[in-house]
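> need the 3D shape of this:
(one chain, ligands or ions: 2)
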Amino acid sequence: MKIKSVLARWLHVPIPYEQQHVSDFGRVASFDCVLVRIETACGLVGYGEAKEEVGSEGNSQALVALINEKYAPALVGEDPRDISRLWEVMYNGCRAHYALAEGHVFPILGRRGVSVSAISGVDLALWDILGKSLGAPVWRLLGGRKAERMPAYASGGWADEAGIGRQLMGYVERGGFKAVKMRVGVIDGDPVSSARRVRAAREALGPGIGLACDAHGTYTVAQAKRFCRLVEDENLMWFEEPVTADDKRGMAEVRASSSVPIAAGESEFNRFDFRDLAELRAADVFQPDLAICGGITEAMRIGAIASAFNLRLAPHLWTGALAFAAGLHVSAASPAGWILEYSLGANPLLHELAEETFTVVDGMLDIPDRPGLGVTVSEAFAQRHAIA
Ligand SMILES: O=C(O)[C@@H](O)[C@H](O)[C@H](O)CO
Ligand SMILES: [Mg+2]
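Residues are numbered from 1 along each chain as shown. Ligands and ions are numbered 1, 2, ... in the order given. Coordinates of the predicted model:
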């Protein structure tokens, strides 16, 4: 089996004004991703997703250029089922222990950032092709799924102190969620007002609903410690990215300062970043993003590290349908897999790019059992929103 073509396109989907939310980083006016389409000479087609920015807003030109101009020419002619070999060549270039079939030398393109995101998009498409070639869902190729459906949490919660309880209860009523996530940090100013919003949320939800908080790395270590102290009795499911991802030791200090579990990983790029988080005891929950972290291949390794360090895996699924589905397959197959993120912000790439729908019933999401990633991409939707 041989790869015939690799094509990356930037999908830019504007969000209608009434559906936009104001996140920590401003008003979210679009949802963006890079759609990777790989076709084999025998006519199999696989799709993957790569992302330039964690928030999924904005420009993806650099990523598209990298995939189409650097990775694609090297991949054409290769066997798409040799995923580990191709991963290694894309990451380690001429240092890889494997070579490209035709003896081409591949450059080393970078070990973090868009290079690894590009690998993610390719990797997802390769797994999609492998599954389709065998008529099996990806989770089966990863060793089987632990359950037919897994718990999901509703991810949103930007409202102020007066509105947060109602907003989160709205999520619970809508999908039967047993867990929700709200934003704290820059969005509300300081740890004291964050803690007030958390208390309001807990009061509305009662003790039976899981509650997580996400600070997007916007606190200082001192602020994050103060926040943990203020909410220690609110029984948080986790406190996410308390401080910048660049300060892993600071994160470990925050974690050691209270009993509030720490989650991190959406800003990390590969297993080596997660190994550092684990060794520093900086986190309780790992959140790789399948469109960023090196794809399914790397996420399974990250899941193995989580398991070996007695941590949990809860992938960052603020993504389009392909990275979302990939996260479901990995969570279902990984021993550390725990809970799935379901974004409650406007997310057209989750709900309109795929012909299938991902619906939460009684707080649970079905693990797809169609071949490959189990996502039928709507080419009409993709073409309508493709910028490059
Ligand atoms: O964990 C999450 O879902 C967040 O970090 C989102 O990626 C962010 O709010 C998008 O702007
Ligand atoms: Mg987050």
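> so after whichever helix or strand Ala204 is part of, what's the next helix or strand?
For Ala204, the enclosing helix or strand under DSSP states H and E is helix 191-205. Later in the chain than helix 191-205, the nearest helix or strand by DSSP H and E is strand 210-214.
> for that following strand, C-alpha coordinates in PDB please.
This file holds the C-alpha atoms of strand 210-214, laid out as PDB (Å, rounded to 0.1, in the frame of the first residue of the first chain):
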ATOM      1  CA  GLY A 210     -17.800  17.200  39.500                       C
ATOM      2  CA  LEU A 211     -16.400  20.700  39.200                       C
ATOM      3  CA  ALA A 212     -13.100  21.600  37.500                       C
ATOM      4  CA  CYS A 213     -11.500  25.000  37.100                       C
ATOM      5  CA  ASP A 214      -9.200  26.100  34.200                       C
END
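> elements contacting it?
Using 3 or more Cβ pairs under 8 Å, 6 or more residues apart in numbering; DSSP states H and E as the contact test, the elements touching strand 210-214 are strand 149-155, strand 179-183, helix 191-205, strand 238-240. C-betas here are computed from N, CA, C, even on glycine.
> in its sheet, what does that strand sit against?
In the sheet, strand 210-214 lines up against strand 179-183 (parallel), strand 238-240 (parallel) (DSSP bridges).
> following element in sequence after the shortest one, please.
Past strand 238-240, further along toward the C-terminus, the next helix or strand under DSSP H and E is helix 248-256.
> re earlier: wait, which of the helices and strands packed on strand 210-214 is closest to ligand 1?
With Cβ to the nearest ligand atom as the criterion, ligand 1 lies closest to strand 149-155 of those, at 4.9 Å.
> and the next element down the chain from the closest one?
By DSSP H and E, the next helix or strand past strand 149-155 is helix 164-175.
> quick one: is that next one near ligand 1?
No. No part of helix 164-175 sits near ligand 1 under the criterion Cβ under 6 Å from any ligand atom; the closest distance found is 13.4 Å.
> let me see the contact set for the closest residue to Ser84 other than its chain neighbours.
Counting by Cβ to Cβ, 6 or more residues apart in numbering, Ser84 lies nearest to Thr297, which is 6.7 Å off, once chain neighbours are set aside. Applying Cβ atoms under 8 Å, 6 or more residues apart in numbering to Thr297 gives the contacts Ile83, Ser84, Trp87, Asp123, Trp127.
> dump these to TSV, plus neighbour count.
Below are these laid out as TSV (neighbours: other Cβ atoms under 10 Å):
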residue	neighbour count
Ile83	19
Ser84	10
Trp87	21
Asp123	28
Trp127	26
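> ligand 1: which of those is nearest?
Taking Cβ to the nearest ligand atom as the measure, ligand 1 sits nearest to Asp123 out of the contacts of Thr297, at 20.3 Å.
> re earlier: looking at the helices and strands packed on strand 210-214, which is closest to Lys248?
Comparing the helices and strands packed on strand 210-214 by their distance to Lys248 (Cβ to Cβ), the top pick is strand 238-240, with 14.4 Å.
> on that earlier part again, of all the helices and strands packed on strand 210-214, which one is nearest ligand 2?
Closest approach to ligand 2 among the helices and strands packed on strand 210-214 is made by strand 238-240 (5.0 Å; Cβ to the ion).
> pull out the buried positions in that closest one.
Judged by neighbour count (16 or more other Cβ atoms under 10 Å), strand 238-240 contains these buried residues: Trp238, Phe239, Glu240.
> so which elements touch the top helix by length along the chain?
Identified as the longest helix of the chain according to DSSP state H is helix 114-134. If contacts are counted by 3+ Cβ pairs under 8 Å, 6+ apart, helix 114-134 sits against strand 3-14, strand 30-40, strand 45-50, helix 61-65, helix 83-92, helix 138-141, helix 295-308, helix 321-333.
> once you drop chain neighbours, what's closest to the residue of the stretch 251-388 of the chain found nearest ligand 2?
Taking Cβ to the ion, ligand 2 has its nearest neighbour within the stretch 251-388 of the chain at Glu266, 5.0 Å off. Using Cβ to Cβ, 6+ apart and skipping residues adjacent in sequence, the residue nearest Glu266 is His316, 3.7 Å away.
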